[in-house]
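Give me a 3D structure for the following:
(one chain, ligands or ions: 1)
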Amino acid sequence: MSDGLVKPIAHASGSESSTTRMATRSVVIVGGGIIGTMSAYYLNRAGWRVTVLDKGTIGGGCSHGNCGYVCPSHVLPLAVPGALTSTLKTLFAKNSPLKVRPGFAVRNLGWFLNFARRCNRRSMLRTATGIQALLDSSRRLYDELLEAEKLEVEWDTYGLLFAFQTEKAFEHYAETDRLLSDSFAMPARRFDAQAMQKLEPALKPGSVAGGYLYTGDAQLKPDLLMVALRKLLAGRGVTFVEHAEMNEFATEGGKAVAVKSNAGDHRADAFLVATGAWTPQLTSHLGGKCPIIPGKGYSITMKRPKVCPTYPMIFEEHRVAVSPFATGFRIGSTMEFAGYDATLNRSRLQLLRDGASHYLNDTDAPAFEEWWGWRPMTFDGLPIIGRSARHENVLTAAGHGMLGLSMATGTGKLVKELLGGETTHIPAEPYSAGRF
Ligand SMILES: Cc1cc2nc3c(=O)[nH]c(=O)nc-3n(C[C@H](O)[C@H](O)[C@H](O)COP(=O)(O)OP(=O)(O)OC[C@H]3O[C@@H](n4cnc5c(N)ncnc54)[C@H](O)[C@@H]3O)c2cc1C
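Numbers count the residues shown, from 1 in each chain. Predicted coordinates:
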């Protein structure tokens with residue numbers, strides 16, 4: 001399980017002739033989202049000298065306004081049997097939460113065909129094993145991180161409640177629940193309509209046919225996590241450089257020696273590229289394939305409703321997720337495959353409010369924040385965490401799709417292990433950049 005990139009450097013100093021100590025190794029991380037920043041945390045703790053560069057602001061990308069779920073329940077990839085038919089149906093539905101711009105689909109046909117090829121049980125189960133390893137390790141590591149560092153991130157562990165409007169959808173989900181329970185040891189608690197109302201009185205009477213509660217899931221406020229991590233790491237000597245866009249690597253003898261950015265060159269022993277949905281734009285500097293496309297999602301944050309839900313909830317039929325934070329209330333989701341389109345489409349935000357209004361009151365309060373982000377989507381649903389094909393001392397960690405927050409701690413630890421040449425705490429092969 002070991003794939004060491006930079007070997008620990010041991011040397012004897014004159015005055016310490018009999019003592020061998022480790023020289024400080026340095027790493028530059030490109031991309032200050034949750035993946036880059038969490039990797040910085042584990043590398044800093046392991047004694048690396050760490051610099052994080054971002055072309056915008058730290059935590060200003062997809063890691064800012066997401067729903068905040070840390071959800072080991074999300075074991076299954078998007079590519080499951082039947083996903084193609086249901087996707088095609090929603091594409092033609094008015095106001096569908098899933099949108100694919102035809103021109104974009106044509107330009108990225110390979111990605112969509114590869115996704116389609118994986119919509120079978122065998123692929124789903126194989127992929128899910130890799131997803132689960134990273135989700136489970138991350139969930140445990142979040143407990144350790146928050147206990148050790150006392151970060152103020154509005155962490156709560158009520159679990160995640162999947163709510164179904166119709167009897168048909170509720171009954172249909174029973175099959176998924178059995179699969180999660182039998183094959184992935186991920187049992188949920190099942191509630192009928194009456195029990196749901198008792199469990200979550202914020203639900204409009206009669207709005208749901210039933211639901212499933214995943215008690216191992218948790219929630220935090222993602223922007224607070226980014227701020228807290230940055231503050232913690234800056235206090236421990238990590239350097240953050242904003243508005244520094246990586247253009248290429250400077251190389252010597254086939255090895256990367258510096259990141260060349262519009263804010264100057266940054267030299268180091270090793271490099272981590274954690275640039276989320278933008279990673280394909282750096283493929284020519286990384287080598288190999290990088291099948292990541294942006295999957296745009298939206299969120300809207302407002303004041304807490306008068307009767308605010310206790311549980312984070314996903315309204316399955318409307319594909320809307322709600323996050324009740326201590327300091328606000330967020331409605332998020334939708335998936336748009338439209339390339340690097342950076343416009344804020346208000347009709348998508350209205351779709352979120354309308355979806356949530358079937359189940360909850362007060363979903364029309366003025367917004368504190370309207371937001372969109374590009375999820376870094378791979379077609380197989382697994383992130384890419386591994387050595388670059390071009391430079392032996394460059395690692396990529398990107399492509400975490402809909403689960404980057406949930407997988408961040410496990411990814412950070414894995415990155416630290418891979419860069420340090422250690423035995424990894426989970427098998428690293430499923431995430432290898434060479435699998436495509
Ligand atoms: C609506 C929505 C809801 C979501 N909800 C959840 C959830 O509840 N739970 C969950 O686990 N996940 C969720 N996600 C997914 C999650 O937000 C992402 O998987 C995660 O944020 C990806 O993190 P990242 O660090 O890879 O990317 P980002 O946060 O996008 O960071 C990448 C950074 O790289 C920088 N960059 C790019 N190119 C360069 C360059 N050349 N030079 C320098 N810097 C560069 C960018 O500026 C950016 O800051 C959600 C996503 C959306 C859109």
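
you'd agree Asn108 is up against Ile293?
Yes: between Asn108 and Ile293 there is a contact at 5.7 Å, judged by C-beta atoms under 8 Å. Bear in mind the C-beta positions are built from the backbone N, C-alpha and C, glycine included.

Compare neighbour counts for the two and give me the winner.
Ile293 (24 against 18; other C-beta atoms under 10 Å).

Quick check: Leu213 is in a strand.
Yes: under DSSP: H, G, I helix; E, B strand; the rest coil, Leu213 sits within a strand.

Quick check: the residue nearest to it when sequence neighbours are not counted vs Asp177, distance?
Nearest residue to Leu213 in three dimensions, chain neighbours excluded: Arg189, at 4.5 Å (C-beta to C-beta, 6 or more residues apart in numbering). Per C-beta to C-beta, to the nearest Å, Arg189 is found 10 Å from Asp177.

Need the overlap of contacts for these two.
Tyr212 (C-beta atoms under 8 Å, 6 or more residues apart in numbering).

Looking at these two, which is more packed in?
Using other C-beta under 10 Å, the more surrounded residue of Arg189 and Asp177 is Asp177, with 17 against 14.

Neighbouring strands of the helix or strand hosting Ala397 in the sheet, and parallel or not?
Take DSSP states H and E as the rule and Ala397 turns out to sit in strand 394-398. Paired strands of strand 394-398, with direction, are strand 270-273 (parallel), strand 384-387 (antiparallel) (DSSP bridges).

Is the last one in proximity to the ligand?
Just to be clear, that refers to strand 384-387. No: for strand 384-387, no contact with the ligand is found by C-beta under 6 Å from any ligand atom; the gap never falls below 10.3 Å.

Need the per-residue pLDDT for the residue nearest to Leu213.
Per-residue pLDDT puts Arg189 at 98.

In contact with it, which residues are there?
Tyr212, Leu213, Thr215.

Could you give me the PyMOL selection string for whichever of those are buried?
Buried residues among the contacts of Arg189 (16 or more other C-beta atoms under 10 Å), as a PyMOL selection:
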select buried, resi 212+213
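
can you put the contacts of Arg189 in JSON lines and add distance to Ser96 and pLDDT?
Putting those into JSON lines (distance: C-beta to C-beta, whole Å; pLDDT from 0 to 100) gives the following:
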{"residue": "Tyr212", "distance to Ser96": "24", "pLDDT": "98"}
{"residue": "Leu213", "distance to Ser96": "27", "pLDDT": "98"}
{"residue": "Thr215", "distance to Ser96": "31", "pLDDT": "97"}
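
Give me the pLDDT for Ser96.
82.

Check the one 3 residues further on too.
Lys99 is assigned a pLDDT of 87 by the prediction.

Pretty sure it sits against Gly339.
No: contact criterion C-beta under 8 Å: Lys99 and Gly339 do not qualify, at 11.8 Å.

one step back: just say which of the strands paired with strand 394-398 is most tucked in.
strand 270-273 (a mean of 27; mean count of other C-beta atoms under 10 Å).

touching the ligand at all, the strand or helix carrying Gln350?
In this assignment (DSSP H and E), Gln350 forms part of helix 346-357. No: using C-beta under 6 Å from any ligand atom, helix 346-357 stays clear of the ligand, with a minimum separation of 9.0 Å.

what's that helix packed up against?
strand 292-302, strand 320-325, strand 328-337, strand 367-378 (3 or more C-beta pairs under 8 Å, 6 or more residues apart in numbering; DSSP states H and E).

Tell me which of those strands sits nearest to the ligand.
Counting by C-beta to the nearest ligand atom, the ligand lies closest to strand 292-302 out of the helices and strands packed on helix 346-357; the figure is 2.9 Å.

which strands and helices sit next to that closest one?
strand 328-337, helix 346-357, strand 367-378.

Turn those into a markdown table, columns for mean neighbour count and distance to Gly235.
Shown next, in a markdown table, are the helices and strands packed on strand 292-302 (neighbours: other C-beta atoms under 10 Å; distance: least, C-beta to C-beta, whole Å):
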| stretch | mean neighbour count | distance to Gly235 |
| --- | --- | --- |
| strand 328-337 | 22 | 27 |
| helix 346-357 | 18 | 37 |
| strand 367-378 | 20 | 27 |
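
Now tabulate the ones you listed in CSV and tack on distance to Gly253.
What follows is these, written out as CSV (distance: least, C-beta to C-beta, whole Å):
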stretch, distance to Gly253
strand 328-337, 41
helix 346-357, 49
strand 367-378, 31
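
Leu135 looks like it's in a helix, true?
Yes: per three-state DSSP, Leu135 lies within a helix segment.

For it, give its distance to Val227.
Distance, Leu135 to Val227, by C-beta to C-beta: 24 Å.

Between these two, tell me which one has more neighbours.
Each of Leu135 and Val227 has its neighbours counted (other C-beta under 10 Å); Leu135 has more, 25 against 16.

That one: what's its closest spatial neighbour, skipping adjacent residues?
That would be Pro72: by C-beta to C-beta, 6+ apart, it lies 4.4 Å from Leu135.

what residues does stretch 135-148 touch?
41, 70-72, 74-75, 151, 153, 155, 216, 218, 403, 406-413, 425-426.

Spell out which helix or strand contains Leu233, please.
Assigned by DSSP H and E, Leu233 falls in helix 222-235.

For that helix, which outside residues touch it?
Contacts for helix 222-235 (C-beta under 8 Å, 6+ apart): 32, 34, 37-38, 40-41, 44, 50, 52, 58-59, 63-66, 68, 149, 151-154, 240, 405.

residues of it that come out buried?
Pro222, Asp223, Leu224, Leu225, Met226, Val227, Ala228, Leu229, Arg230, Leu232, Leu233.

now the strands paired with strand 394-398 as a markdown table including distance to Phe249 and mean pLDDT?
Putting the strands paired with strand 394-398 into a markdown table (distance: least, C-beta to C-beta, whole Å; pLDDT from 0 to 100) gives the following:
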| stretch | distance to Phe249 | mean pLDDT |
| --- | --- | --- |
| strand 270-273 | 7 | 98 |
| strand 384-387 | 14 | 96 |
